[in-house]
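Colleague: next come a sequence and a model predicted from it.
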Amino acid sequence: MEEKTFPKMCENNAVVVVLMGLPGSGKTYFSKLLKKHFSQCTLLVFDEIIPTELQKQLVNHENAWKEKRDEIIQDLDKYLAGQSVPQISSEVIKPNEVVVIDDNNYYRSMRYSYFQLARKHQLGYCQFYLNAPESLARSRNAQRPQSQRVPEDVISKMNEKMEPPNPLKNYWEQFSFSIAIGDMTSVFDLCKDMLLTASRHPVQQLEPEELTETRKNENRAKCNANVIHQADKILRKKVSENLKSIEKANIKAEAKKQNETKDVVLEDLRTGFSVLPKEAIKGISDKDMEPLKEAVISLFSLKLQES
């Protein structure tokens, strides 16, 4: 494959490239293709920074996991600003560098953090979604050395929560490309072209009026993400409690029904089809979860009766 660097018209524009997908979807292989093709390319591989064994310890400790991710984002911020960050690279960022974030990035909010950094430093930004079926991801994961395998229940949960790019709805995801397993090599030229296009259109910092409105939207998005997260926890616990009273012969069918209903409720909340009372949402910031719990379980019970 012939090596190609950025054309002179964009030689001062580095670009942040965010990869997303399930474990085993081919992200690392794709990042190595980028590394081979672009002479100035830095890979930020989360599995190297946070080894799999440590990830397994952190997976059930959300605050510790978030703190670790925040540390990496802070280091990336410094690197993009031109500072030396040994954890990322032995050198400082080059003017036309491709900075690849190799992680699962299944939540949109995770990816938005990197977009914000690209905007802060006026760099290009694009995303590649390595779209693999859960069954294939599980199969590939099983072929990894034992120490590098991700627990299967983690892959399943990640697949359930996956939020693919939506360029039609989110302007900041306009440079996004979905890659099906098996198509990676054949569509690589298209991926390169999109990456180069993103580099020619660095994200611009906002004007004061736009900044105020954007911050409002960001706060709403964060609030909504937190509501969905808390609702998910409430419903998982509720489904588990409900299944305890189900006869063994019927438990498989009932579990399927209740989990599907749970997913419908969460999707309705996510899209705004269902709206929670203000006092339920306010209770989260006040650390009073009862109003939210009552509202979410009420929605769930209603949907369950309808199904």
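Modeller: Done, it's in. Small disclaimer: the values here were computed from a predicted structure and weren't measured.
Colleague: what ranges does the stretch 101-250 of the chain have for its helices?
Modeller: Counting by DSSP state H, counting those that start in this stretch, the stretch 101-250 of the chain has helices at residues 108-120, 134-142, 152-161, 188-200, 208-243.
Colleague: which outside residues touch the first one?
Modeller: Outside helix 108-120, the residues within contact range by C-beta atoms under 8 Å, 6 or more residues apart in numbering are 15-16, 18, 20, 69, 73, 76-77, 80, 101, 103, 105, 123-125, 127, 163, 165-166, 170, 172-173, 202-206, 218, 221-222, 225. Yep, even glycine has a C-beta here, placed from its N, CA and C like the rest.
Colleague: filter these to the buried ones?
Modeller: Buried subset of the contacts of helix 108-120 (neighbour count, 16 or more other C-beta atoms under 10 Å): 15-16, 18, 20, 69, 76-77, 80, 101, 103, 105, 123-125, 127, 165, 172-173, 202-203, 225.
Colleague: just the CA trace of stretch 71-87, in CSV.
Modeller: Provided in CSV are the C-alpha atoms of stretch 71-87 (Å, rounded to 0.1, in the frame of the first residue of the first chain):
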residue,chain,number,x,y,z
GLU,A,71,-6.8,11.0,33.2
ILE,A,72,-6.2,9.8,29.7
ILE,A,73,-8.3,12.6,28.2
GLN,A,74,-6.4,15.2,30.3
ASP,A,75,-3.1,13.7,29.0
LEU,A,76,-4.4,13.8,25.4
ASP,A,77,-5.4,17.5,25.9
LYS,A,78,-1.8,18.3,26.9
TYR,A,79,-0.5,16.3,23.9
LEU,A,80,-2.7,18.1,21.4
ALA,A,81,-1.6,21.4,22.9
GLY,A,82,2.0,20.6,22.0
GLN,A,83,3.2,19.4,25.4
SER,A,84,5.4,16.3,25.9
VAL,A,85,3.3,13.4,27.3
PRO,A,86,5.4,10.2,27.6
GLN,A,87,2.3,8.1,28.2
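Colleague: give me the contacts around it.
Modeller: 14, 16, 42, 44, 46, 49-50, 88-89, 91-93, 99, 101, 113-114, 117-118, 120-121, 123.
Colleague: and that stretch, average pLDDT?
Modeller: For stretch 71-87, mean pLDDT rounds to 91.
Colleague: any regions of this structure where pLDDT drops low?
Modeller: The model of the chain has pLDDT under 70 over residues 1-12, 51-65, 206-224, 283-286, 307.
Colleague: contact partners for the nearest residue to residue 162 once chain neighbours are set aside?
Modeller: In this structure, residue 162 finds its nearest non-sequential neighbour in residue 106, 4.7 Å apart by C-beta to C-beta, 6 or more residues apart in numbering. Taking C-beta under 8 Å, 6+ apart, we find residue 106 in contact with 20, 22, 158, 161-163.
Colleague: that older thread, from the contacts of helix 108-120, which land in strands?
Modeller: Counted as lying in strands by DSSP state E, out of those, are 15-16, 18, 20, 101, 124-125, 127.
Colleague: ok, which pair from these is furthest apart?
Modeller: 20 and 124 (17.2 Å; C-beta to C-beta).
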